[in-house]
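Undergrad: Provided below for reference: sequence and predicted model.
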There are 2 protein chains.
Amino acid sequence: MTTLLDVARRAGVSKSTVSNVIRGAALVAEPTRLKVERAIADTGYHPNAIARALKARTSKAIGIVVPDLTNLFYAGLAVGVERAANALGYAVLATHTECSPATEAETGRALIERQVDGVVIGGMSLGSALPTVLLDRGIPVVLASLGEPDDLRLGAIDHDDEVAMEKIVEHLYELGHRRVAFVAQELQEQSGERRRLAFTEALARRGLVPVDIYGGATAVVAHNDMLAIATIDRLERRGLRVPEDVSVTGYDDVPLASHNRIQLTTVRSDALEMGRRAVELVVKAALEGRPVAHRETQNNPLVIRRTTARAPKERPAA
Amino acid sequence: MTTLLDVARRAGVSKSTVSNVIRGAALVAEPTRLKVERAIADTGYHPNAIARALKARTSKAIGIVVPDLTNLFYAGLAVGVERAANALGYAVLATHTECSPATEAETGRALIERQVDGVVIGGMSLGSALPTVLLDRGIPVVLASLGEPDDLRLGAIDHDDEVAMEKIVEHLYELGHRRVAFVAQELQEQSGERRRLAFTEALARRGLVPVDIYGGATAVVAHNDMLAIATIDRLERRGLRVPEDVSVTGYDDVPLASHNRIQLTTVRSDALEMGRRAVELVVKAALEGRPVAHRETQNNPLVIRRTTARAPKERPAA
DNA sequence: CTGAAAGCGCTTACAG
DNA sequence: CTGAAAGCGCTTACAG
């Protein structure tokens, strides 16, 4: 492997000078620069980012942690993160935790040992220690789509789940639904419980309480789109029609939600933009050597499609 | 930040000894080990993986490159790669190239500079230079789902596209279809063309030639499931019924394909297993300091669901 | 404008 | 069984 020193020798200059031209740092005389550039081209030299990271004390890498990459919302978030990170010269270490506390602990350790400059968390288990572990080592972290965290050092880009759930419940209520269920993630997820709570409160404002999905519900509110889509599948395989017998709503507006065969009523969010913005925040904080300590909220319009309809007269038999 | 030296001082031993207990390498006397372990626990020490990588000349990181993370097949592949990599103590650098040669070149550079120990490529542009660039620097690479590459140094885990396309065309032919179209990725992808070719040949064996999708086709064979699903959407929005007016087939059998509202006829493949196996091959080669130079083929059964039916008497009007 | 020197935090033979 | 020493490939003040 050719190193800085090889290039320096070939160009007849010192390592410092080669380093200067590569980093575009100090001023280098034009003829010197040319010699160095030629030597680099001749040798096919690539700087060793590991050596650089060790000395410069910045890995130029950030971590993205999501529970499930095959959930289109998280995949979108990861894409947003990657694009933004690459544009800034950062690499991204991806981890898929399945909301397992053990995997999260592993992930935390790996991220710390690899000296990532920051991390964006798109989902984690309820009460996960991950953010604190990272923060305590001085690593800036932003939570995407995970609510308002207690720790003030955290950055957060959030949906307004309260408002969104109010819109969903209002829509359902107007359609005459009085028996409505909530379906959460199989994975015990942080945000699942938040949305459930917001849902329950919106119901309570109308004097209603949640019902079980197979306990005669005429509508089911799912924690996210992927779950809503899976719910439609389950319902229909039991012989229930959506939306004639039961209405279903999602959350995220993943690309698939607008498919002709799905047409899911849901709440829109912009995963790509969330990812982009999260990187922006985390990288800025890393560069300034401080926690992110900044929160912002996305606006999430309700988009009404064809999985919601007037409540049936009769309660459907599951 | 606490370093090896801090731990050594606290335990009253040398750096070498601390390093030995951490790596579980050389034999260390029990009392010494205990002292060191206590010092590690007391200080909350985490080894610096960057320093280790520099000296040990292995980053314990691998790259996964896919064109699109929001394609469920690639997401599944990435999950398989991550699980296997993490189990072996490797981190994964994820990149999403959108099949752009410019992004691929960027990615290659980043992967080289970061000294990844190996890379698995799940998709790339037609005639991409990426594999060669990596191979030439001694980085083992395996292609997943990308056919039989020319370069003998490459590893490959592949579907048998010829056999799969023959099964699909046979199925369609038996249903009476004689005007069938192929839909490839918008992204100009390596494997898209391979499948198109296999498709064309299977048609030719029956004396048929491909037809345009809106040129009166009674069946359309899509390059993959995500595309098939998008095609159903487009067709139906034009007023065509699937499968009554036109049959549609996919490739991959992503989780969504079996959804009650989709029920896609497709060819099964196991993205998770492909990812796992790819990591296994690439890590083994890395450890032995050699190219992968090994190929294997997955078996891909045809799964017939409800997007294919007997060809209509009349050619549908688009 | 250029180069000599120190050092980032580890690992790895090698002595003892 | 333990430690002193060299060195991985860079960056970064600092002299000159």
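TA: Looks like it came in fine. Every value quoted in this text rests on a predicted model; they were computed, and no experiment measured them.
Undergrad: any weak-confidence spans in the stretch 151-300 of chain A?
TA: Along the stretch 151-300 of chain A, the parts satisfying pLDDT under 70 run over A:186-188.
Undergrad: secondary structure class for A:Val221?
TA: Secondary structure for A:Val221, judged by DSSP: H, G, I helix; E, B strand; the rest coil, is strand.
Undergrad: mind listing what it touches?
TA: With contact taken as Cβ atoms under 8 Å, 6 or more residues apart in numbering or on different chains, A:Val221 is in contact with A:165, A:168-169, A:172, A:180-183, A:199, A:249. Placement of C-beta: from N, CA and C, glycine included.
Undergrad: what bridges to it?
TA: In this entry, A:Val221 is beta-bridged to A:Phe182, A:Thr249, by DSSP bridges.
Undergrad: separation between it and A:Arg306?
TA: Distance, A:Val221 to A:Arg306, by Cβ to Cβ, to the nearest Å: 16 Å.
Undergrad: ok, now which ones touch A:Ser145?
TA: A:73, A:77, A:122-123, A:157-159, A:191, A:269, A:274.
Undergrad: quick one: which of the residues you listed sit in helices?
TA: Mapping these onto helices (DSSP state H) picks out A:73, A:77, A:191, A:274.
Undergrad: what parts of the stretch 51-200 of chain A come near DNA strand C?
TA: Counting by Cβ under 7 Å from any atom of the strand, the residues of the stretch 51-200 of chain A close to DNA strand C are A:51, A:54-55, A:57.
Undergrad: of the residues you listed, buried ones?
TA: Among those, those classed as buried by 16 or more other Cβ atoms under 10 Å in any protein chain shown are A:51, A:54.
Undergrad: got the contacts of A:Val221 as CSV, with distance to B:Val283 and neighbour count columns?
TA: As requested, those are arranged in CSV below (distance: Cβ to Cβ, whole Å; neighbours: other Cβ atoms under 10 Å in any protein chain shown):
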residue, distance to B:Val283, neighbour count
A:Met165, 45, 26
A:Ile168, 46, 27
A:Val169, 50, 25
A:Leu172, 51, 25
A:Val180, 49, 27
A:Ala181, 46, 21
A:Phe182, 43, 22
A:Val183, 39, 20
A:Phe199, 45, 25
A:Thr249, 44, 29
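Undergrad: tell me the buried residues in stretch A:92-109?
TA: Buried, per 16+ other Cβ under 10 Å, within stretch A:92-109: A:92-101, A:103-104, A:106-108.
Undergrad: tell me which two of those sit farthest apart.
TA: Farthest-apart pair in the buried residues of stretch A:92-109 is A:Val92 and A:Pro101; separation 23.0 Å (Cβ to Cβ).
Undergrad: which pLDDT value goes with the residue most central in space within chain A?
TA: Nearest to the mean C-alpha position of chain A, by Cα atoms, centre = their mean, lies A:Gly122 at 3.2 Å. For A:Gly122, the pLDDT comes out at 95.
Undergrad: do I have it right that it meets A:Ile64?
TA: Yes: counting by Cβ atoms under 8 Å, A:Ile64 is a contact partner of A:Gly122 at 6.8 Å.
Undergrad: distance of the residue in the stretch 151-300 of chain A that DNA strand D sits nearest to from B:Ala110?
TA: Nearest residue of the stretch 151-300 of chain A to DNA strand D (Cβ to the nearest atom of the strand) works out as A:Leu287 at 12.3 Å. A:Leu287 sits 19 Å away from B:Ala110, taking Cβ to Cβ as the criterion.
Undergrad: so what's the residue count around whichever residue of chain A sits closest to DNA strand D?
TA: Nearest residue of chain A to DNA strand D: A:Leu4, at 2.9 Å (Cβ to the nearest atom of the strand). Around A:Leu4 sit 19 other residues, with neighbours defined as other Cβ atoms under 10 Å in any protein chain shown.
Undergrad: got the contact list for it?
TA: Going by Cβ under 8 Å, 6+ apart, the list of residues near A:Leu4 reads A:15, A:18-19, A:45, A:47.
Undergrad: cutoff 10 Å now
TA: Residues near A:Leu4 by Cβ atoms under 10 Å, 6 or more residues apart in numbering or on different chains: A:14-16, A:18-19, A:22, A:40, A:45, A:47-48, A:51-52.
Undergrad: next up, the contacts around the residue of the stretch 151-300 of chain A closest to DNA strand D.
TA: A:Leu287 neighbours (Cβ under 10 Å, 6+ apart): A:58, A:88, A:117-118, A:140.
Undergrad: also near DNA strand D: which of those residues, exactly?
TA: When Cβ under 7 Å from any atom of the strand is applied, no member of the contacts of A:Leu287 is adjacent to DNA strand D.
Undergrad: picking up where we left off before, ok, of the contacts of A:Leu4, which come out buried?
TA: A:18-19, A:22, A:40, A:45, A:47-48, A:51-52.
Undergrad: where is pLDDT lowest across those residues?
TA: Among these, A:Ile22 has the weakest pLDDT, 89.
Undergrad: there's contact between that residue and A:Ala11 in this structure, I believe.
TA: No: the pair A:Ile22 / A:Ala11 is not scored as a contact, 11.6 Å apart, by Cβ atoms under 10 Å.
Undergrad: between the two, what contacts are shared?
TA: A:36-37, A:40.
Undergrad: from these, which land in strands?
TA: Under the assignment DSSP state E, the shared contacts of A:Ile22 and A:Ala11 contribute nothing to strands.
Undergrad: let's have those in TSV, adding distance to B:Val292.
TA: Converted to TSV, those look like this (distance: Cβ to Cβ, whole Å):
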residue	distance to B:Val292
A:Val36	36
A:Glu37	34
A:Ile40	30
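Undergrad: among the residues you listed, which one lies nearest to DNA strand C?
TA: A:Val36 (8.7 Å).
Undergrad: quick one: that closest one and A:Gly24 touch, right?
TA: No: in this structure A:Val36 lies outside contact range of A:Gly24 using Cβ under 10 Å: 11.7 Å.
Undergrad: ok, those two, which is more surrounded?
TA: A:Val36 (24 against 9).
Undergrad: residue contacts, that one?
TA: Counting by Cβ under 10 Å, 6+ apart, the residues that A:Val36 touches are A:7-8, A:10-13, A:17-22, A:28, A:45.
Undergrad: run the last query once more with 8 Å
TA: Applying Cβ under 8 Å, 6+ apart, the residues contacting A:Val36 are A:7, A:11, A:13, A:17-18, A:21, A:28.
Undergrad: now the strands for the stretch 201-318 of chain A?
TA: Here the stretch 201-318 of chain A has its strands, by DSSP state E, counting those that start in this stretch, at A:219-222, A:247-249, A:266-267, A:295-297, A:302-303.
Undergrad: out of the ones you listed, the one nearest B:Pro149 is which?
TA: strand A:266-267 (41.9 Å).
Undergrad: so does the closest one get close to chain B?
TA: No: between strand A:266-267 and chain B, judged by Cβ under 8 Å from any Cβ of the partner chain, nothing touches; the nearest distance is 15.4 Å.
Undergrad: which one is A:Ala105 nearest to, not counting chain neighbours?
TA: Leaving aside its sequence neighbours, A:Ala105 sits nearest to A:Ala129 (Cβ to Cβ, 6 or more residues apart in numbering or on different chains; 7.3 Å).
Undergrad: A:Glu106 now?
TA: Nearest non-adjacent residue to A:Glu106 (Cβ to Cβ, 6+ apart): B:Asn86, at 6.9 Å.
Undergrad: ditto for A:Glu162
TA: Per Cβ to Cβ, 6+ apart, closest to A:Glu162 is A:Ala198, 4.8 Å.
Undergrad: report all helices and strands that the helix or strand harbouring that neighbour contacts.
TA: Under the criterion of DSSP states H and E, A:Ala198 resides in helix A:190-204. Helices and strands touching helix A:190-204, by 3 or more Cβ pairs under 8 Å, 6 or more residues apart in numbering or on different chains; DSSP states H and E, are helix A:161-174, strand A:180-183.
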